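>>> quick one: sequence plus predicted model below, questions after.
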Amino acid sequence: MRNFKSIILLPIFLGLMMSLNLFAQGEEEIKKTYQNKEEVKIKLVLGDCLIEKSRDSSIHVHLVYTYEEEKFEPRFREKERRIILQEKFHGNNPRGYSKWTIAVPEDTEIDFNSATGDLFIEGITAEVDGSTGTGNIEIKDAKGEFDVSTGTGNVEVTDSEGEFEVSSGTGDVRIEGCKGNFDASSGTGDVEAYDITIEDEGDYSSGTGDVDVVLPKGDDYDLTASSGTDDAILDMKGKTVEGYFEFIAHARKGKITSPLKFDDEEEYWEGDNKYVRKSFTKGKETPRFYIKTGTGRAILKR
């Protein structure tokens, strides 16, 4: 019986090893180095992309892929002020993957677009304009201006500094350990912000998800947390309640919750909907906090 099992399992094992070897052999790579340019323009279809800091003053491109040569055409174009990197596919339903790693010097402009790929940004100082249809976006330990969006993926920004405009159509957006000005939004996902420092303005919003913001560091800034149908929460985490606080909710379908009494209350109409606005000032007039919801709850947690 033992010999019979060996006879059966040996071909399976050999076949598996041959498949693994074929897969490893099918992985191709291309490496290119360019002199520093003002901009790197990236036009991908399916590929993921990592943008990191260059070890010198040059731009380094490393592409790894497993697509068949006749179906996948990577394109590299060098112009006076920019590098253009592009994926081109021939035929339908390509099998495989592609990953681009692009190392750039400081202050390089990045223009990124992918239909389905993920975008990872780490350790760079740059101006980034990026979008992906279904991929995730992650920014880590970076500085600069970031205008990035995804249709259905998640967005995560950590330990970074600058101007941030980040959004997702249906995914979650999370910002942690960051400093600067923020415009973070999701159509249907949750939006969260922790351990942040706002310099001038922070705007966090969701159409149908929860918005949860922990009290930021900073002094003279405006913070807006708003949700169309779910909860908008400002959590003081035991810190002193100081500044101007304003709450808005649908008069009949929404709810306002605060541990402190209000100085002013009013009702007003927007079209056919009546809303309630309540506010108070505690200690000083800044920062200014605006907590808004349509049919959810506008909450101040002490």
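Thanks, I have the structure now.
>>> what residues are up against residue 243?
Neighbouring residues of residue 243 by CB atoms under 8 Å, 6 or more residues apart in numbering: 281, 282, 283, 284, 285, 286, 287, 288, 289. All C-beta atoms are positioned from the backbone trio N, CA, C, and that covers glycine.
>>> report the contact partners of residue 133.
114, 115, 116, 150, 151, 152.
>>> quick revisit: most neighbours of all the contacts of residue 243, which one?
residue 289 (24 neighbours; other CB atoms under 10 Å).
>>> please identify the helix or strand for it.
strand 288-293 (DSSP states H and E).
>>> so for that strand, mean pLDDT?
Averaged over strand 288-293, pLDDT sits at 98.
>>> what mean pLDDT does the helix or strand just after it have?
Once strand 288-293 ends, the next helix or strand along the chain (criterion: DSSP H and E) is strand 297-301. Here strand 297-301 scores 98 as its mean pLDDT.
>>> check stretch 165-174 too.
98.
>>> export that stretch as CSV, just CAs?
Extracted C-alpha coordinates of stretch 165-174, given in CSV (Å, rounded to 0.1, in the frame of the first residue of the first chain):
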residue,chain,number,x,y,z
GLU,A,165,-7.3,65.9,-0.9
VAL,A,166,-8.2,62.2,-0.7
SER,A,167,-11.4,60.5,-1.6
SER,A,168,-13.1,57.2,-2.3
GLY,A,169,-16.4,56.5,-4.0
THR,A,170,-17.3,53.4,-1.9
GLY,A,171,-14.3,52.6,0.2
ASP,A,172,-13.1,53.7,3.6
VAL,A,173,-10.7,56.6,4.2
ARG,A,174,-8.4,56.7,7.2
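>>> how far out from the middle of the chain is that stretch?
On the basis of CA atoms, centre = their mean, to the nearest Å, the separation between the geometric centre of stretch 165-174 and that of its chain is 6 Å.
>>> again, but for stretch 59-78
From the chain centre to the centre of stretch 59-78 is a distance of 25 Å (CA atoms, centre = their mean).
>>> residue 157 is in contact with residue 180, isn't it?
No: assessed by CB atoms under 8 Å, residue 157 is found out of contact with residue 180, at 9.9 Å.
>>> residues shared between the contacts of the two?
residue 164.
>>> of these two, which one has the most company?
The neighbour count for residue 157 versus residue 180, taken as other CB under 10 Å, is higher for residue 157 (27 against 22).
>>> quick one: strands adjacent to the one helix or strand that one maps to?
In this assignment (DSSP H and E), residue 157 forms part of strand 155-158. Here strand 155-158 is paired, per DSSP bridges, with strand 137-140 (parallel), strand 173-176 (parallel).
>>> mean confidence score for that strand?
98.
>>> next structured bit after it?
Downstream of strand 155-158 (by DSSP H and E), the next one is strand 161-168.
>>> run the chain-centre distance for the helix or strand hosting residue 275.
Per DSSP H and E: residue 275 is located in strand 273-282. With CA atoms, centre = their mean as the basis, strand 273-282 stands 31 Å off its chain's centre.
>>> could you dump the strands paired with strand 155-158 into CSV with mean neighbour count and distance to residue 164 added?
Listed next are the strands paired with strand 155-158 as CSV, based on neighbours: other CB atoms under 10 Å; distance: least, CB to CB, whole Å:
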stretch, mean neighbour count, distance to residue 164
strand 137-140, 22, 8
strand 173-176, 22, 7
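>>> same list, those, but as TSV with distance to residue 58 please.
TSV is the format used below for these (distance: least, CB to CB, whole Å):
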stretch	distance to residue 58
strand 137-140	23
strand 173-176	32
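>>> on that earlier part again, buried residues in the strand holding residue 157?
By 16 or more other CB atoms under 10 Å, the buried positions in strand 155-158 come out as 155, 156, 157, 158.
>>> just the closest of the residues you listed to residue 29, please.
residue 156 (27.7 Å; CB to CB).
>>> check contacts around that closest one.
136, 137, 138, 139, 173, 174, 175, 176.
>>> about what we covered before: what comes up buried for the strand holding residue 275?
275, 276, 277, 278, 279, 280.
>>> residues contacting that strand, please?
Strand 273-282 is contacted by residues 241-252, 254, 256, 258, 260-269 when judged by CB under 8 Å, 6+ apart.
>>> okay, now the unreliable bits of the stretch 1-150 of the chain?
Residues of the stretch 1-150 of the chain that meet the criterion pLDDT under 70 lie in 1-25.
>>> what's the neighbour count on the spatially closest residue to residue 56 that is not a sequence neighbour?
In this structure, residue 56 finds its nearest non-sequential neighbour in residue 105, 7.7 Å apart by CB to CB, 6 or more residues apart in numbering. Using other CB under 10 Å, residue 105 is surrounded by 18 other residues.
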